[in-house]
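> model the following, please.
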Amino acid sequence: MEQPTVMNTLSQILEKLRLKGKDNELKMTDHGKMQSQAGKIYKPEDLTIVKTYRFEGDSDPADNSVLYLLMDKDMQIGYIIDAYGIYSDNDGPGFDDFLKKIPTENRDEQELFN
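Numbering: from 1, shown residues only. Below is the predicted model of the structure:
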């Protein structure tokens, strides 16, 4: 039986997503919705946050980030990466407001990556 791999860094998790074919990054559009790399548009009610990872740099605040794993209504996994505070790539309150409206479930890693 395969032993689970401990994932401690952002790059390790993104690589595992890529290897599993789940490397679908969502980004905020100018219209206040999320869009997948394939062009699919999402409203908050179309998504569920199923896992959240927080990364904190040892000495550089610019290394602080959050990775949100999301599942859409078609059971497809995607992700959003955001840096903390002033280092965020998402300006204005629209991004935070969008995230707050997404329902949250905390799923087991093995369930998500199998």
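> so where's this structure shaky on pLDDT?
1-7, 57-63, 84-92, 110-114 (pLDDT under 70).
> distance of the closest residue in space to Phe95 that isn't next to it in sequence from Asp108?
Closest residue in space to Phe95, ignoring its immediate chain neighbours: Met28 at 5.2 Å, by C-beta to C-beta, 6 or more residues apart in numbering. From N, CA and C alone the C-beta is placed, and that goes for glycine too. With distances defined as C-beta to C-beta, to the nearest Å, the gap from Met28 to Asp108 amounts to 28 Å.
> and these two? which has more neighbours close in?
When Met28 is set against Asp108 and neighbours are counted by other C-beta atoms under 10 Å, the residue ahead is Met28, at 19 against 10.
> do I have it right that the more buried one meets Asp96?
No. With contacts counted by C-beta atoms under 8 Å, Met28 stays clear of Asp96, the gap being 10.3 Å.
> distance from the chain centre to the helix or strand where Ser11 lies, please.
Assigned by DSSP states H and E, Ser11 belongs to helix 10-19. Relative to the centre of its chain, helix 10-19 is centred 12 Å away, using C-alpha atoms, centre = their mean, to the nearest Å.
> what's the span of stretch 25-33, first residue to last?
With C-alpha to C-alpha, to the nearest Å as the measure, the first residue of stretch 25-33 is 13 Å from its last.
> only the buried residues of it, if you could.
Buried residues in stretch 25-33, defined by neighbour count with 16 or more other C-beta atoms under 10 Å: Leu26, Met28.
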